[in-house]
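Enquirer: My questions are about this predicted structure, shown below with the sequence.
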Amino acid sequence: MLEMTATGKSKGQWVFYKDFDKTVDYLSDQPRILAFNPFCHKIEALDRDEAYRWHFRVTDPQNNPFDVIFNIQQESEILIDLPEEAASMNPDEMSDEMIRQFTVGRKIIWRPLAENKSFTMPEKYLFEGKVAAEMLITPMQPERTRVDFDLKVNVKFLLYPAFRIVPEKVVRTMVSTGMTVIMQTATNHMFQKISKDFCKIRKL
């Protein structure tokens, strides 16, 4: 059976013309923001908190479609900068007001969902991918928030019997082209679409 791996990366920095809390709430809504990705045609919530399955579809240069599935776990970290006198304080003892007062940013993390056979996979799909991504969200000034986006995608796949008749070189070209297209256009397109829900988004 033919097994291949392809990798793509994307980075970018944007200024959102909204306050920090609204920006964090918006970007934490994974189904909403992935709906703006031109290659993601379906997002389903899995039976676990903040776990999702992305269904991506890309086409090769001959306009043949192929599907990639990603199982994603989303996590969130609060970044806090405590004054020296409170640096040794137990985080569990901090009040909500203290957390708000000393929060300097939030980090939204996407990581591959740990393999769990209780999640039923679709009967037919071509490739399975893994995503590692971070969005570092930091307040800049009232009504402005900086977002640093860092994404890495790996697609490792085994061909279905029907695809084994396709020459290996052609399949590798399909995947390399697909990954390049995804990484070069999807991130910028997604943030451009998101900008319609904000006063303005500026790419740094």
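Expert: Done, it's in.
Enquirer: what distance separates stretch 197-204 from the centre of its chain?
Expert: From the chain centre to the centre of stretch 197-204 is a distance of 19 Å (C-alpha atoms, centre = their mean, to the nearest Å).
Enquirer: what does it rub up against?
Expert: With contact meaning C-beta atoms under 8 Å, 6 or more residues apart in numbering, stretch 197-204 is reached by 12-18, 23, 26, 143, 146, 188, 191-192, 194-195. In short, each C-beta sits where N, CA and C put it, glycine included.
Enquirer: again, but for stretch 32-40
Expert: 26-27, 43, 52, 54-58, 181-182, 185-186, 189-190, 193-194.
Enquirer: And stretch 70-88, by the same measure?
Expert: 28, 30, 46, 48, 50-54, 56, 89, 91, 98-99, 102-114, 119, 128-131, 138.
Enquirer: What about these, which are in helices?
Expert: Judged by DSSP state H, the subset of the contacts of stretch 70-88 located in helices is 28, 30, 98-99, 102.
Enquirer: Sort out for me which of the contacts of stretch 197-204 are in strands.
Expert: 12-16, 146 (DSSP state E).
Enquirer: Of these, which is the most crowded?
Expert: Ranked by neighbour count (other C-beta atoms under 10 Å), these have Phe16 at the top, with 27 neighbours.
Enquirer: For stretch 5-12, C-alpha coordinates in CSV please.
Expert: Provided in CSV are the C-alpha atoms of stretch 5-12 (Å, rounded to 0.1, in the frame of the first residue of the first chain):
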residue,chain,number,x,y,z
THR,A,5,3.4,12.6,3.7
ALA,A,6,3.2,16.2,2.7
THR,A,7,3.8,19.3,4.9
GLY,A,8,2.8,22.9,4.6
LYS,A,9,3.2,25.9,6.9
SER,A,10,1.7,29.4,7.2
LYS,A,11,2.4,32.4,9.4
GLY,A,12,0.9,35.8,9.6
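Enquirer: For my notes, confirm Asp21 occurs in a helix.
Expert: Yes - with DSSP: H, G, I helix; E, B strand; the rest coil as the criterion, Asp21 is part of a helix.
Enquirer: now the strands for this structure?
Expert: Applying DSSP E to the chain gives strands spanning 3-16, 40-45, 51-59, 65-80, 103-112, 127-141, 144-158, 201-203.
Enquirer: Since that was my last question, I'll sign off now.
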